[in-house]
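*Asks:* just need the structure, nothing else, for what follows:
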Amino acid sequence: MIMKRNIFLALCCFACLSFTACSDDYADASSKHVYGENENPYMRVDIDAQMSVTAPLEVNGEHAYTVNLADYADKFEEKMGMSLDAVMSGLDNGTTVFYPINATRNQWEKTAYNAGTGWYFNSANQPCEANDEYCRAMVSLNQSARTLTVELTEGGIVAGTVLSLNVGFAVNGPDYDNYLRFTFEVSVTDPTVSVTSVNLPNTDYTAVDLMLTDVEANLTAVFNMSLEEFIAAFDAGTIRFYAANPSTGTWDTESAYTGEEPAGYWFDATGTVCAYPGTVCANFKPDSESVSESCVKVCCMPGLTAGDSYMCSFGFVDTTDSSKFFRYIVTCNIVE
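*Replies:* Numbering: from 1, shown residues only. Modelled structure (predicted):
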């Protein structure tokens, strides 16, 4: 009986302690968290406050893209209740802030500038140092010009680079709830290169045609010529068909043609120009009468083992300006 009474008393004491531990101040549970100076505030979700900017950049073209903030003046008024001029001057007097945004965690990053009035970003879309191994781009603000610029660093000037970089302006306060966010969707292309793969039957020199019409936009961008002008320039000898190293892109301007006329090469298993019989072959077939039929015909030696793959590279160079070129990098898959 005594043991039961002791257990009962213990339970009563525990219940009393539990109730007294609860606060009578209901504001404790419902009030908004006040972020400290060194805390990164959570970003309130507001789809209308997110400005998405597409920034198409090229390896051998534009490496930077600039946004004129004046184009978003109405949005600054709507979302921050301030004019663009007030937002810019507020960065100096402390009434506004400009920070990167961690889109994964959905929070502001209180990170000091390290790229002018802006930051370097890595391949994970996070702020980084300029010497970071994975540094890919920078986003910077020009307060006087009222512009935001995204610019590739050396590590970002690679075809296939894709970034989504987020920065934003907010009214300074404990939560940054009144803001305007800019998301730069960066993609880096290289109009001088076409990477493709073909399936080559190992029986009877059956060729796959790489039609020039499929890369017409590339040729126009690189050589500043229409397809008709390009074929005419080849016929005149201004444009030349050359082999290239598939790994380094170095042009082979010395080897004679070893394929079919008017221009073609046989390649060995390493992608080096060789005499017939080789491993794979690329023959350029221009058609002055019907330029849309112009193509490079790719085939392989009969008898190669199905399932094997070989790489070769070839393309075109402007002999009057060697900075203008276009090349294919082709993976040749041998099939039955």
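
*Asks:* for the nearest residue to residue 146 once chain neighbours are set aside, list the residues it contacts.
*Replies:* Of all residues not flanking residue 146 in the chain, residue 69 sits nearest, at 4.5 Å (CB to CB, 6 or more residues apart in numbering). C-beta coordinates here come from the backbone N, C-alpha and C atoms, glycine included. Residues in contact with residue 69 (CB atoms under 8 Å, 6 or more residues apart in numbering) are 76, 84, 146, 147, 148.

*Asks:* which element is the nearest residue to the last one once chain neighbours are set aside on?
*Replies:* In space, not counting the residues next to it along the chain, residue 148 is nearest to residue 67; the distance is 4.6 Å by CB to CB, 6+ apart. Using DSSP states H and E, residue 67 sits in strand 64-68.

*Asks:* can you check residue 216 too?
*Replies:* For residue 216, the element it lies in under DSSP H and E is helix 216-223.

*Asks:* show me the shaky parts of the stretch 201-336 of the chain.
*Replies:* Within the stretch 201-336 of the chain, no range satisfies pLDDT under 70.

*Asks:* hey, where'd the strands end up in it?
*Replies:* Ranges of strands in the stretch 201-336 of the chain, per DSSP state E, counting those that start in this stretch, are 208-211, 239-244, 251-252, 263-267, 273-274, 280-285, 295-300, 309-318, 325-335.

*Asks:* now do the fourth one: which elements does it pack against?
*Replies:* Spelled out, it's strand 263-267. Applying 3 or more CB pairs under 8 Å, 6 or more residues apart in numbering; DSSP states H and E, we find strand 263-267 packed against strand 239-244, strand 273-274, strand 280-285, strand 309-318.

*Asks:* what distance separates the helix holding residue 216 from the centre of its chain?
*Replies:* Taking CA atoms, centre = their mean, to the nearest Å, the mean C-alpha location of helix 216-223 is offset from the chain mean by 21 Å.

*Asks:* and the closest residue to residue 318 other than its chain neighbours, what does it touch?
*Replies:* Distance criterion CB to CB, 6+ apart; nearest residue to residue 318, sequence neighbours excluded, is residue 324 at 4.0 Å. Contacts for residue 324 (CB under 8 Å, 6+ apart) come out as 222, 223, 224, 317, 318.

*Asks:* over to residue 142?
*Replies:* Applying CB under 8 Å, 6+ apart to residue 142 gives the contacts 117, 148, 149.

*Asks:* ranges for the strands of the stretch 1-150 of the chain?
*Replies:* 50-58, 64-68, 96-102, 107-108, 118-122, 127-128, 135-142, 147-152.

*Asks:* nearest to residue 197, out of those strands?
*Replies:* Closest of these to residue 197 is strand 50-58, at 22.9 Å (criterion: CB to CB).

*Asks:* show me which positions of the closest one end up buried.
*Replies:* 50, 51, 53, 55, 57, 58 (16 or more other CB atoms under 10 Å).

*Asks:* one more: stretch 94-114?
*Replies:* Residues of stretch 94-114 classed as buried: 96, 97, 98, 99, 100, 101, 102, 103, 107, 108, 109 (neighbour count, 16+ other CB under 10 Å).

*Asks:* same check on stretch 62-69?
*Replies:* Going by neighbour count (16+ other CB under 10 Å), the buried part of stretch 62-69 is 63, 65, 66, 67, 69.

*Asks:* what of stretch 192-208?
*Replies:* Buried residues in stretch 192-208, defined by neighbour count with 16+ other CB under 10 Å: 192, 193, 194, 198, 200, 201, 202, 207, 208.

*Asks:* got the end-to-end distance for it?
*Replies:* From its first residue to its last, stretch 192-208 covers 21 Å (CA to CA, to the nearest Å).

*Asks:* again with stretch 57-69
*Replies:* 20 Å.

*Asks:* and for stretch 252-261?
*Replies:* Stretch 252-261 has an end-to-end distance of 18 Å (criterion: CA to CA).

*Asks:* do stretch 126-141 as well
*Replies:* Stretch 126-141 stretches 17 Å from its first residue to its last (CA to CA).

*Asks:* contacts for that stretch, please.
*Replies:* 98, 100, 102, 109, 111, 114-124, 147-153, 155-156, 161, 163, 165, 167, 184, 186.

*Asks:* try it again at 7 Å.
*Replies:* For stretch 126-141, the surrounding residues in contact (CB atoms under 7 Å, 6 or more residues apart in numbering) are 98, 100, 102, 109, 111, 114-123, 148-153, 155-156, 161, 163, 165, 167, 184, 186.

*Asks:* what of stretch 252-265?
*Replies:* 241-244, 266, 273-276, 281-284, 314.

*Asks:* need those residues in a markdown table (columns: neighbour count).
*Replies:* Listed next are those as a markdown table, based on neighbours: other CB atoms under 10 Å:
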| residue | neighbour count |
| --- | --- |
| 241 | 20 |
| 242 | 21 |
| 243 | 27 |
| 244 | 23 |
| 266 | 24 |
| 273 | 21 |
| 274 | 17 |
| 275 | 11 |
| 276 | 10 |
| 281 | 25 |
| 282 | 26 |
| 283 | 21 |
| 284 | 24 |
| 314 | 28 |
